[in-house]
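**Student:** Mind folding the following:
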Amino acid sequence: MALEIAMDEMAERLGLDPIEFRARNDTQVDPEKPNRPFSQRQLVECMRVGAERFGWRARNPQPGQQRDGRWLVGVGMAAAFRNNILMKSGARVRLDSRGIVTVETDMTDIGTGSYTIIAQTAAEMMGLPLESVVVRLGDSTFPVSAGSGGQFGANNSTSGVYAACVKLRETVAQKLGFNSADVAFSDGRVSSGNRSVPLRQAASDGELVAEDAIEYGELAKTHQQSTFGAHFVELGVDVATAETRVRRMLAVCAAGRILNPKTARSQVIGAMTMGVGAALMEELAVDKRAGFFVNHDPAGYEVPVHADIPHQDTIFLDETDPMSSPMKAKGIGELGLCGVAAALANAIYNATGIRVRDYPVTLDKLLDRMPEVG
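**Tutor:** Numbers count the residues shown, from 1 in each chain. Below is the predicted model:
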């Protein structure tokens, strides 16, 4: 949050547009290890696409100049960055005589859609409809996965499922007597040349089981893997009370292949909502004399509600990262949060001319510095 506010301040001092300033300082290699290039970095593209969609050119760079009735209107942006963490992740897949594939991995689903994307992966790999795949998660007797957190779960866990399915495909092909390297799995059948056999036939004598894990070797040492984005915010600040109201938000994300656009969008707009809370209202009050958390429940700890979030939009760049994993995907969840609070603070500055570096930006930090207006 602090860094992206500083970028905005430096751009203003230099007389540059905030997006242009960031673009001029972009890099395609790790600044701390220049011999290690990014596997893919489209930060500038995120900013350009976002600026076009959001109408950034209409923004007045001079603070406090746009008025809509009782509201001072401001527009702000910030870049988003989050590393793509590579972690070993395993899975077990089973094929039964009905042609049902069961996936087992100790991966968790904490509302992030793991069941869905793991089922999608197995279905596509084995050439089955989604309803022919059963996903079982969260059991410690299953193969160890990457787990959830730090937006590393989806890419790694689906890659582990991919690896297990590759092994199962090899077992199926051998069982059915296919020796060709061009065996195709589709529509519940296994085919090569003029020969086509139902997938379930491979398990007619008993269940087939395959287990494997994804491992990345020295990849993290040779290439920097990260996700990138740009957040745009328009808001209004009441000229009399200094209350802030978000009007619209946009996130543009470059995060490799998006495994499921619907669940990915839900992750991002949820993260954007968290960013509004962090910037404008969430603050933990602690009585340090007694070690007491004063606002320890939702009655005193304020979080955003529907009325605080009028409009959100999300754009995913159409990209695949060839080095990230067999899935060519990367993380997405926390990318939707990184930079949101800074974009809000920058928009408040554009609306009022007031820089606030102490979150949350509540009205008491603005009120005595609000510009005189008629």
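**Student:** Break this structure into its domains for me.
**Tutor:** Taking automatic domain parsing as the reference, the chain has its domains at 2-85+221-369, 89-215.
**Student:** As CSV, those with mean neighbour count would be great.
**Tutor:** C-beta: built from backbone N, CA, C; applies to glycine. Listed next are the domains of the chain as CSV, based on neighbours: other Cβ atoms under 10 Å:
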stretch, mean neighbour count
domain 2-85+221-369, 18
domain 89-215, 19
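**Student:** Which stretches in the stretch 201-350 of the chain count as helices?
**Tutor:** 219-222, 261-280, 340-352 (DSSP state H, counting those that start in this stretch).
**Student:** Contacts only, for Met107.
**Tutor:** 89, 91, 114, 118, 137-138, 145-148, 153, 157, 160 (Cβ atoms under 8 Å, 6 or more residues apart in numbering).
**Student:** ok, now which ones touch Val361?
**Tutor:** Thr244, Ala279, Leu280, Leu344, Ala345, Ile348.
**Student:** what's the answer for Leu43, then?
**Tutor:** So Leu43 contacts Arg22, Asp26, Ala79, Phe81, Phe228, Gly229, Ala230, Ala254 (Cβ under 8 Å, 6+ apart).
**Student:** Return the distance of the helix or strand hosting the fourth one from the chain's centre.
**Tutor:** Just to be clear, that refers to Phe81. Element membership of Phe81, judged by DSSP states H and E, is strand 71-83. Relative to its parent chain, strand 71-83 has a centroid offset of 17 Å by Cα atoms, centre = their mean, to the nearest Å.
**Student:** Packing partners of it?
**Tutor:** helix 2-14, helix 18-24, helix 43-54, strand 226-238, strand 244-254, helix 340-352 (3 or more Cβ pairs under 8 Å, 6 or more residues apart in numbering; DSSP states H and E).
**Student:** The helix or strand just after that strand - what's its average pLDDT?
**Tutor:** Following strand 71-83 in sequence order, the next helix or strand is strand 89-95 (DSSP H and E). In this model, strand 89-95 carries a mean pLDDT of 98.
**Student:** cool, stretch 48-68 as well?
**Tutor:** On average, stretch 48-68 scores 97.
**Student:** residues in contact with it?
**Tutor:** 12, 17, 19, 23, 72-75, 77, 230-232, 234, 236, 239, 250-252, 313, 315, 317, 349-353, 371, 373.
**Student:** go again using 6 Å as the cut-off
**Tutor:** If you take Cβ atoms under 6 Å, 6 or more residues apart in numbering as the criterion, stretch 48-68 is touched by Ile19, Val73, Val75, Ala230, Phe232, Leu250, Val252, Tyr349, Asn350, Thr352, Gly353, Pro371.
**Student:** try stretch 84-94
**Tutor:** Counting by Cβ under 6 Å, 6+ apart, 101-105, 143-146, 150, 152, 156-157, 160-161, 164-165, 168, 207, 209-211, 213-216, 220, 225-227, 324, 330-331 sit against stretch 84-94.
**Student:** Now the terminal residues of it, how far apart.
**Tutor:** 30 Å (Cα to Cα, to the nearest Å).
**Student:** Would you map the helices across the stretch 51-200 of the chain?
**Tutor:** Using DSSP H, counting those that start in this stretch, helices in the stretch 51-200 of the chain cover 114-126, 153-175.
**Student:** Find the residue ranges of this structure scoring beneath the pLDDT cut-off.
**Tutor:** 374 (pLDDT under 70).
**Student:** Export the helices and strands packed on strand 71-83 as CSV, with columns for distance to Gly300.
**Tutor:** Converted to CSV, those look like this (distance: least, Cβ to Cβ, whole Å):
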stretch, distance to Gly300
helix 2-14, 26
helix 18-24, 35
helix 43-54, 35
strand 226-238, 23
strand 244-254, 20
helix 340-352, 21
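**Student:** With respect to Ile309, which of the ones you listed lies nearest?
**Tutor:** Closest approach to Ile309 among these (Cβ to Cβ): strand 244-254, 6.6 Å.
**Student:** Tabulate the helices of the stretch 51-200 of the chain (a markdown table), appending distance to Phe54.
**Tutor:** Shown next, in a markdown table, are these (distance: least, Cβ to Cβ, whole Å):
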| stretch | distance to Phe54 |
| --- | --- |
| helix 114-126 | 29 |
| helix 153-175 | 27 |
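**Student:** Quick check: which of those is nearest to Ser191?
**Tutor:** helix 153-175 (10.6 Å).
**Student:** What helices and strands are in contact with that closest one?
**Tutor:** strand 89-95, helix 114-126, strand 208-214 (3 or more Cβ pairs under 6 Å, 6 or more residues apart in numbering; DSSP states H and E).
**Student:** can I get those in TSV with distance to Lys288?
**Tutor:** Listed next are these as TSV, based on distance: least, Cβ to Cβ, whole Å:
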stretch	distance to Lys288
strand 89-95	42
helix 114-126	40
strand 208-214	46
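**Student:** Need the nearest residue in space to the most centrally placed residue in the chain, chain neighbours excluded.
**Tutor:** Residue closest to the average C-alpha location in the chain (Cα atoms, centre = their mean): Ile332, at 1.6 Å. Counting by Cβ to Cβ, 6 or more residues apart in numbering, Ile332 lies nearest to Ala255, which is 4.6 Å off, once chain neighbours are set aside.
**Student:** Over to Asn260?
**Tutor:** Closest to Asn260 by Cβ to Cβ, 6+ apart is Ile117, at 5.3 Å.
**Student:** again, but for Gln201
**Tutor:** In space, Gln201 is closest to Leu176, 6.7 Å off (Cβ to Cβ, 6+ apart).
**Student:** and if you look at Gly127?
**Tutor:** Phe185 (3.4 Å).
**Student:** Would you check how far apart that neighbour and Gly339 are?
**Tutor:** 41 Å (Cβ to Cβ, to the nearest Å).
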